[in-house]
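1. Here is a sequence together with a model predicted from it:
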Amino acid sequence: MKFNKYIDRVEEASYSGNIGFEEMVKFYDKASTDDVSKMEKFLNNDDWDGFKKLIKKVLGILLK
């Protein structure tokens, strides 16, 4: 199934601490296996600082 025709229908909520759907998709597309393992640990431990630093490292995007 092709999802590109549905992606325009996704309306992402914007709020403080929002992790960002688009950034997560980009992360999993670009990240190494090691980076994915790190991300899963950060998410399981609610380590949002580690999460944001890893997004910055892999994508160059600074999340607030």
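-> All right, it came through fine.
2. Spatially central residue for the chain, please.
-> Met24 (2.3 Å; CA atoms, centre = their mean).
3. any idea whether that one is helix, strand or coil?
-> At Met24 the chain is in helix, as set by DSSP: H, G, I helix; E, B strand; the rest coil.
4. quick one, what contacts it?
-> Residues near Met24 by CB atoms under 8 Å, 6 or more residues apart in numbering: none. (Glycine included, C-beta is placed from N, CA and C.)
5. Can you pull out the low-pLDDT segments for the chain?
-> For the chain, the stretches with pLDDT under 70 are 1-19.
6. can you map out the helices along the chain?
-> 4-7, 21-30, 33-44, 48-59 (DSSP state H).
7. Point out the most buried one among those helices.
-> helix 48-59 (a mean of 16; mean count of other CB atoms under 10 Å).
8. Look up phi and psi at Ser32.
-> The phi/psi pair for Ser32 (degrees, to the nearest 10) reads phi -80, psi 170.
9. That one and Lys64: what is the separation?
-> In this view, Ser32 and Lys64 are 25 Å apart by CB to CB, to the nearest Å.
10. The two: which is more packed in?
-> In this view Ser32 and Lys64 are compared by other CB atoms under 10 Å, and Ser32 has more residues nearby, 9 against 6.
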